[in-house]
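Asks: have a look at this prediction, sequence included:
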Number of protein chains: 2
Amino acid sequence: MALTDEAIDKIKGMITSGELGPGDRLPKEADLAERLGLSRNSLREAVKALSMIRVLDVRQGDGTYVTSLEPDLLLDALSFVVDFHRDDTVLQFLEVRRILEPSATALATERMSDGDIAKLQNVLDELGTDPTIEALVDNDLEFHRQIAAGSGNAVLCSLVEGLSGPTTRARIWRGLTQEGAAARTREQHQAIVDAIASRQPELARAWATIHVAGVEEWLRRAL
Amino acid sequence: MALTDEAIDKIKGMITSGELGPGDRLPKEADLAERLGLSRNSLREAVKALSMIRVLDVRQGDGTYVTSLEPDLLLDALSFVVDFHRDDTVLQFLEVRRILEPSATALATERMSDGDIAKLQNVLDELGTDPTIEALVDNDLEFHRQIAAGSGNAVLCSLVEGLSGPTTRARIWRGLTQEGAAARTREQHQAIVDAIASRQPELARAWATIHVAGVEEWLRRAL
DNA sequence: TAGACAGCAGTCCTCCGATGTATTTGGGGG
DNA sequence: CCCCCAAATACATCGGAGGACTGCTGTCTA
C-alpha cells in the first residue's frame, strides 16, 4: 500500500480510536508528517482526500481540524459523487428515491411541529403565479429539503437531498417539454402538505410515492 | 477557491462534459498540470481526492484512468464514510436501512432468477452448526449482499451495503451473539429466502422489516 | 517456433527546500 | 478602552530530483 494511503488509514485510526474527536485540532503539517513518517507533500494528499469527504476541515493560516462528523456533513459529499452519473443511471437513483422519499414524508408527518408545517406551506405560497424554471426548481428542492429535515433523521435527509441532485436536470427538461407539469407538481405538493397537516402518514406516503413516480415514469418514457 | 479545488472541478468538468469517458486515460501528471496551470504537487492532491471516491484509477508505472463510473463503484466509498460514525448515530443509519432493505428484498423477490435464489439458499446452508463470530458476520454480509444485488438496482445495492458497514456490523453482531440471538437470525434469514422462493414480495418485505427492526431494537436498548 | 529473460522507455511515488498567502495574535498609538 | 498594524504561525504552491513500478520489445535458449 502506498504511503499516502497508509497515512489516510492512520489518521482515520486516530479519529475512530478516539485519540482525535470532533473539533480537535491536528498537529501542524510538519509535525504530523514527521510523526507518520512521510513528507509534507504526501501528507497533504492524505489530508486533501479526507477533507473532500468532510472528515477534516483545513483552514489556511490557522490549522487542520476534525469536523463535527455529523452524518449530514459527511454524506453531503454524496451529491458530488452523484454528479458524475449519466442520464441512463438516473433511473436507478430515482427508483431509490421512490423508496426513501415516501418513508421520509411519513416520518415527517409524525415528527414535524405545527410551526414546521406552517413553514412548509409558506414555501409553496411563496411561488408566484408565473415562476421561472429556475424558481420552480429551487422551490421544489427547498420543499423536499424541509420534508426530509422534518423526518428527524439526518442520514435520511442527506440521502434524499443527495439523490435529488441528478433528478434536477430531469425536472428541468420536464418543465421545458411537458405542458402542465408545473401545475400538476404544485397540486401534488399541496396534497402532501395537506396530508402532513392532517397527520395522516399513510396518505402522505401515498402522495409522495405518486409524486416521485410521476417524474420517474416521465423520464422512463423520455429515454 | 484553492488551486487544488479548481483542478478537481476542471477534471470533473472534463468527465461530465464527455471530453473524458469511462476507461479513458488522462494525460501524464506533468502535461495535465501544465494544462490546468498548476504544479504537479497540487495536481496530485486533486487526483488523490478523485481516486478516493473512485472516479479516477491511478496505476503506478502505467497511468491514470477514468473508472467505469458505475454507481456501485462510486457509492462504495460510502462504507469508508460510515466507519467514522459512532454508536449514537448508528441508529440513524439503521433507521434508513429499515426503509431500504425491505424494499430491496421485495424487488429481489420479483427480479431474482431461480438460480440466484438457489445460490442464496446455499449461503445459508454453508453455515455450519457452530460457526465462529467472523463466519457469522461474513455469512450475514454475503446474504444481504446477494439480496441487494438481486434487486437489480446498483445504487440501491451499494447503499444497503454501505450502510451495513463492516465495523458497525461487527460491533452489533458481537453483542447479539452474546445474547444467543444467532439462531433467531438464522430463522429469519430462512424465512426471507422462503418468501422470495415462493415469489411473495410483501411477505419478503415483512420478514426483512422484522429482521432489521430486531437489530435496531436491540441496539436501541443497548445504548 | 515457443517460451523465458534482460533491457528500456514511460509513468507514477516520494521527498526536499524555498517562497507565497491567509489568519491569528499582541503591542503600540489614539 | 478601542483601533490599527506588524510579527508569528500555519497552510498553499512551486520546481526539481531520484526511486519504483509497469508494459513492451528484442534477444537468447531449448
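Replies: Structure received. None of the values given here were measured: they were computed from a predicted structure.

Asks: A:Ala213 - that's part of a helix, no?
Replies: Yes: remark: A:Ala213 belongs to a helix, assigned using DSSP: H, G, I helix; E, B strand; the rest coil.

Asks: mind listing what the nearest residue to it once chain neighbours are set aside touches?
Replies: Residue nearest to A:Ala213 in three dimensions, not counting chain neighbours: A:Arg98, with 5.9 Å by Cβ to Cβ, 6 or more residues apart in numbering or on different chains. Every C-beta, even on glycine, is put in place using the N, C-alpha and C of the backbone. A:Arg98 makes contact with A:Thr209, A:Val212, A:Ala213, A:Glu216, according to Cβ atoms under 8 Å, 6 or more residues apart in numbering or on different chains.

Asks: and A:Arg98, which of the three is it?
Replies: Reduced to three states with three-state DSSP, the structure at A:Arg98 is helix.

Asks: now the contacts of A:Arg98 in JSON lines, with pLDDT?
Replies: Below are those laid out as JSON lines (pLDDT from 0 to 100):
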{"residue": "A:Thr209", "pLDDT": "96"}
{"residue": "A:Val212", "pLDDT": "91"}
{"residue": "A:Ala213", "pLDDT": "92"}
{"residue": "A:Glu216", "pLDDT": "85"}
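
Asks: what is the nearest of those to A:Ala33?
Replies: Using Cβ to Cβ, A:Val212 is the member of the contacts of A:Arg98 that lies nearest A:Ala33, at 48.2 Å.

Asks: isn't the closest one right next to A:Pro102, touching?
Replies: Yes: counting by Cβ atoms under 8 Å, a contact exists between A:Val212 and A:Pro102, whose distance comes to 7.4 Å.

Asks: those two: which is more packed in?
Replies: Per other Cβ atoms under 10 Å in any protein chain shown, whichever of A:Val212 and A:Pro102 has more neighbours is A:Pro102, with 25 against 22.

Asks: got the buried residues for the host helix or strand of the more buried one?
Replies: Element membership for A:Pro102, per DSSP states H and E: helix A:87-111. Buried positions in helix A:87-111, judged by neighbour count with 16 or more other Cβ atoms under 10 Å in any protein chain shown: A:89-109.

Asks: and the strands in chain A?
Replies: Remark: strands of chain A, listed N- to C-terminal, are A:56-59, A:63-66; assignment by DSSP state E.

Asks: those strands: which one's closest to DNA strand C?
Replies: Across these, the minimum distance to DNA strand C, taken as Cβ to the nearest atom of the strand, is reached by strand A:56-59, at 6.0 Å.

Asks: low pLDDT regions in chain A?
Replies: Within chain A, the stretches with pLDDT under 70 are A:166-167, A:169-177.

Asks: which of the strands of chain A is buried the deepest?
Replies: For those, the largest average neighbour count (mean count of other Cβ atoms under 10 Å in any protein chain shown) is found in strand A:63-66, namely a mean of 17.

Asks: what about that one and DNA strand D, touching?
Replies: Yes: applying Cβ under 7 Å from any atom of the strand, one finds that strand A:63-66 is in contact with DNA strand D at A:Gly63, A:Thr64.

Asks: how about that strand and chain B, any contact?
Replies: No: applying Cβ under 8 Å from any Cβ of the partner chain, one finds strand A:63-66 separated from chain B by no less than 9.4 Å.

Asks: does that strand pack against any helices or strands, and if so which?
Replies: Of the remaining helices and strands, those touching strand A:63-66 by 3 or more Cβ pairs under 8 Å, 6 or more residues apart in numbering or on different chains; DSSP states H and E are strand A:56-59.

Asks: strand partners (parallel or antiparallel) of the strand it packs on?
Replies: strand A:63-66 (antiparallel) (DSSP bridges).

Asks: my guess is A:Leu120 contacts A:Val193. True?
Replies: Yes: using Cβ under 8 Å, A:Leu120 and A:Val193 qualify as a contacting pair, with a distance of 5.6 Å.

Asks: what about the residue of chain A found nearest DNA strand C, neighbour count?
Replies: Of all residues in chain A, A:Gly61 sits closest to DNA strand C, with a separation of 2.5 Å (Cβ to the nearest atom of the strand). By the criterion of other Cβ under 10 Å, A:Gly61 has 4 neighbours.
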